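> make a model of this:
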Amino acid sequence: MATDMQRLVGTSEDDEEMGMDVKDEDDEDDDYEENGGEQGNASVSGMVEIDDGNGIGTATGDNRFQQHQQFQEQVGTPGGGTRRSRPLEEKERTKLRERRRRAITARILAGLRRHGNYNLRVRADINDVIAALAREAGWVVLPDGSTFPSRSQGQKPAGGNSTIVTSSSSLAASQQTPSASLRGVASGYRSPLEYNACQTKGVFMPTPSPYDLSSSSRSQTSMVGDGEAQRDNRPLIAGSMDNADDKQIADLPPRLPERDLAGTPYVPVYVMLSLGVINIKCELVDPDGLLKQLRVLKSVHVDGVMVDCWWGIVEAHAPQEYNWNGYKRLFQMVRELKLKLQVVISFHECGGNFGDDVCIPLPHWVAEIGRSNPDIFFTDKEGRHNPECLSWGIDKERVLRGRTAVEVYFDFMRSFRVEFDEYFEDGFISMIEIGLGPCGELRYPSCPVKHGWRYPGVGEFQCYDQYMLKSLRKAAEVRGHSIWARGPDNAGTYNSQPHETGFFCDGGDYDGFYGRFFLSWYSQVLVDHGNRVLSLAKLAFEGSCIAAKLSGIYWWYKTASHAAELTAGYYNPCNRDGYAAIMTMLKTIGVSLNIPCVDLHTFNQQHEGFPETFADPEGIVWQLLNAGWDVDLPVTGQNGFPCLNRVGYNKVLDNAKPMNDPDGRLFSSFTYLRLSPLLMEQQNFVEFERFVKRMHGEAVLDLQV
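The predicted structure follows:
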């Protein structure tokens, strides 16, 4: 009977490890063979009684089965020697493994339900988890376990069995997933996975690329082996950051050739250091371990590193009292290795987003002000305040102990410039990126995970603090329509989809007279904030390269309204270029443009779990690239999620060095996010070294041509 069942549904490694019953049935089959089949037939006939041919075992049959097991564990089998019984210690170990496996499964299920909105039954097992993640990644999972890509439904093998190659996956945090591969929040992840890694469900997962099939790709060693030795080297999806297993069906598509970039222009490569490299006391964490990692990066000719300089660490306790000690030691270490340095002036908090593995809040004295005046933070229509960064409404309001927000930003930047003057003079600091909003990006915090947002929700407008509403009232009065001094009342909630709202649906209010007024004001506040802060940064860091980072809001990009971009402050519907005004502002000030998510792919077909997100990361990256290049802006790039295999690297190369571009445009630099133990693993680092060579225009020996 066990043999017939195995033939029907198959067996797995999990069955062998965790199933006591499976072991016992296998042992009975052995007894049957050893004893010529006679005793086996008698045993089987006594074990189960079939009720009227319906295949239902009776209670009598179950009792006899238990008695049969107990009897055979105690006595030998006549006519065929002693039964092979496992030692009690081995059975106890099996039970312990099973308890541990169930405890881990329970925690996985709880996390998926809580953070990822996965609809899993209370008594779900690991098979349900794998099936849910597989469906999330766009696969079809039949009730009997047969699994295949949705694009191959017409090629399903008869009988429900399909030949597949499976590798186990592990969440890679930035350390995506969300995972992406991402899906919009870790991440990760991701992240992460989330992030991952805010590795929550809802991040974009790039379509499997033919580059994955390259026999020379070191990351493909994860397709063999077992247990913890197997690692998932896919990029996570853009804040899931939960990943399903990689699977490829037998009829694999042909390999696509890689471009030969030998002799192409040199693009510098930087590596972002971990978020917690400097702790909350402004001390360098694990200097010896960091030094070893930096030496390894230097050995593969990485040009330099990037590090966040946190406002919440340096000016933590009192206004204009700055502590730079940890950064002094870090900068000295990097300079001694003859690496370059990029610095991000981070005026936002760290924690709660994809990839955030540490918590760094805004300065304590700012939080104290916020407790008595929470309107210094961005606020949604329900009145929830987001302390991730300061509202742009107080840029010119003296509510921070007698200073405006932009004055606070300028004083901080000027202190940095004076403290590290020698590093600027000798060219060691090659670029300063100015944080302009959440995650350091010039956008509204329209998709806060802490307020319940999950991919692919459109997010909410963040203009309901008293200072932003004051600006809106003034703009409405100037326009002559005081009634327009309000936010949209039909724009849905954080997790709404465009067609569910009256504002973002096709033909919705976003394109009416009021909608165009409101969105113009909302986006202009974003441009004005960037202009004010970057102008002061240009003054503080005169003569240095300054950069600003935009966000790649790619979900709902293929809809008419581009709803997720609108709530983030990018007035970019299908009938308007929402990035032209931003690029003009950056060009006027003379700063560079930093674009994230240059590693992501657009789905060839929509994700099965979110069939109508109309996501297009390649489309948004291409629009941002061309908008910047059209006004002759220097453009730098970053990966959005952990990039560990050739698929993501090839996508970065395609964006950094566009093929057949008539003007020969390319990235001025690329920053890899981020330095982590996962990147330093041998198989992943070999692939990274190969990527660095291609960015530098060097030849590689294993090019697929």
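
> where in the stretch 601-705 of the chain is pLDDT low?
Applying pLDDT under 70 to the stretch 601-705 of the chain flags the ranges 603-613, 705.

> sorry, that was for the stretch 351-500 of the chain
Along the stretch 351-500 of the chain, the parts satisfying pLDDT under 70 run over 354-355.

> swap in 80 and give it another go.
Residues of the stretch 351-500 of the chain that meet the criterion pLDDT under 80 lie in 352-357.

> need the contact list for Lys470.
Shown in contact with Lys470 (Cβ atoms under 8 Å, 6 or more residues apart in numbering): Gly393. Using the backbone N, CA and C atoms, a C-beta is placed for each residue, glycine as well.

> buried ones in the helix or strand containing it?
Under the criterion of DSSP states H and E, Lys470 resides in helix 466-479. By neighbour count, with 16 or more other Cβ atoms under 10 Å as the criterion, the buried positions of helix 466-479 are Tyr467, Met468, Leu469, Ser471, Leu472, Ala475, Ala476.

> cool, and stretch 311-327?
Neighbour-count burial for stretch 311-327 flags Trp311, Gly312, Ile313, Val314, Glu315, Ala316, Tyr322, Trp324, Gly326, Tyr327 (criterion: 16+ other Cβ under 10 Å).

> where does the last one land in three-state SS?
Translated: Tyr327. Using DSSP: H, G, I helix; E, B strand; the rest coil, the secondary structure recorded for Tyr327 is helix.

> that one and Ser346, how far apart?
Distance check for Tyr327 against Ser346: by Cβ to Cβ, to the nearest Å, it reads 12 Å.

> again, but for the second one
Here the distance between Gly312 and Ser346 works out to 8 Å (Cβ to Cβ).

> which parts of this structure are strands?
Taking DSSP state E as the criterion, the chain contains strands spanning 139-141, 147-149, 164-166, 247-249, 269-272, 304-310, 340-346, 377-379, 385-390, 429-434, 546-549, 592-595, 635-638, 669-672.

> now the helices for the stretch 351-500 of the chain?
Counting by DSSP state H, counting those that start in this stretch, residue ranges of the helices within the stretch 351-500 of the chain are 364-372, 405-419, 421-425, 466-479.

> send me the third one as CSV with only the CA atoms.
Taking Å, rounded to 0.1, in the frame of the first residue of the first chain, the C-alpha atoms of helix 421-425 are listed here in CSV:
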residue,chain,number,x,y,z
ASP,A,421,37.9,69.7,5.8
GLU,A,422,41.1,67.8,5.1
TYR,A,423,39.2,64.9,3.5
PHE,A,424,37.5,67.3,1.1
GLU,A,425,40.8,69.1,0.3
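
> list of residues touching it?
Outside helix 421-425, the residues that touch it by Cβ under 8 Å, 6+ apart are Phe331, Arg335, Leu341, Arg417, Ile429, Phe541, Gly543, Ser544.

> which parts of that helix are buried?
Residues Tyr423, Phe424 are the ones in helix 421-425 that count as buried (16+ other Cβ under 10 Å).

> repeat for the first one
Neighbour-count burial for helix 364-372 flags Trp365, Val366, Ile369, Gly370 (criterion: 16+ other Cβ under 10 Å).

> now those as TSV including distance to Phe641?
What follows is those, written out as TSV (distance: Cβ to Cβ, whole Å):
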residue	distance to Phe641
Trp365	35
Val366	30
Ile369	35
Gly370	31
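
> ok, those vs Gly648, which is closest?
Taking Cβ to Cβ as the measure, Gly648 sits nearest to Val366 out of the buried residues of helix 364-372, at 37.0 Å.

> contacts only, for the closest one.
Applying Cβ under 8 Å, 6+ apart, the residues near Val366 are Ile376, Leu390, Leu400.

> if you set the cut-off to 7 Å instead, what comes out?
Under the criterion of Cβ atoms under 7 Å, 6 or more residues apart in numbering, the contact list for Val366 reads Leu400.

> could you list the low-pLDDT ranges of the stretch 101-250 of the chain?
Along the stretch 101-250 of the chain, segments meeting pLDDT under 80 span 102, 105-107, 109-126, 128-129, 131-132, 134-250.

> nearest to Phe504 among the buried residues of helix 466-479?
The shortest gap between Phe504 and any of the buried residues of helix 466-479 belongs to Leu472, at 19.3 Å (Cβ to Cβ).

> of the contacts of helix 421-425, buried ones?
The neighbour-count test (16+ other Cβ under 10 Å) applied to the contacts of helix 421-425 identifies Phe331, Arg335, Leu341, Arg417, Ile429, Phe541, Ser544 as buried.

> any idea how far the last one is from Asp654?
If I follow you right, that is Ser544. 30 Å.

> leaving out sequence neighbours, find the closest residue to Cys282.
The shortest distance from Cys282 to any non-neighbouring residue, by Cβ to Cβ, 6 or more residues apart in numbering, is to Gly326 (4.2 Å).

> got a list of what the nearest residue to Asp380 once chain neighbours are set aside touches?
Nearest non-adjacent residue to Asp380, counting by Cβ to Cβ, 6+ apart: Glu460, 4.8 Å away. When contacts are counted by Cβ under 7 Å, 6+ apart, Glu460 touches Asp380, Lys381, Ser446, Thr493, Tyr494, Thr567.

> again, 6 Å this time
Counting by Cβ atoms under 6 Å, 6 or more residues apart in numbering, Glu460 makes contact with Asp380, Tyr494, Thr567.

> between these, which sits nearest Gly263?
Using Cβ to Cβ, Thr567 comes nearest to Gly263 of the contacts of Glu460, at 44.7 Å.

> identify the residues contacting that closest one.
Ser446, Val458, Gly459, Glu460, Phe461.

> need the residues you listed in JSON lines (columns: distance to Asp286).
Output for these, formatted as JSON lines (distance: Cβ to Cβ, whole Å):
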{"residue": "Ser446", "distance to Asp286": "36"}
{"residue": "Val458", "distance to Asp286": "41"}
{"residue": "Gly459", "distance to Asp286": "37"}
{"residue": "Glu460", "distance to Asp286": "40"}
{"residue": "Phe461", "distance to Asp286": "42"}
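
> pretty sure Phe428 contacts Glu336?
No: with contact defined as Cβ atoms under 6 Å, Phe428 does not count as touching Glu336 (10.6 Å).

> output the helix holding Lys470 as CSV, nothing but the C-alphas.
Coordinates of each C-alpha in helix 466-479 appear next as CSV, following Å, rounded to 0.1, in the frame of the first residue of the first chain:
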residue,chain,number,x,y,z
GLN,A,466,-1.2,72.1,10.1
TYR,A,467,1.7,73.6,8.2
MET,A,468,1.0,71.7,5.0
LEU,A,469,-2.7,72.5,5.2
LYS,A,470,-1.8,76.2,5.7
SER,A,471,0.2,76.1,2.5
LEU,A,472,-2.7,74.3,0.7
ARG,A,473,-5.2,77.0,1.9
LYS,A,474,-2.9,79.8,0.6
ALA,A,475,-2.6,78.1,-2.8
ALA,A,476,-6.4,77.6,-3.1
GLU,A,477,-7.0,81.2,-2.2
VAL,A,478,-4.5,82.4,-4.8
ARG,A,479,-6.3,80.1,-7.4
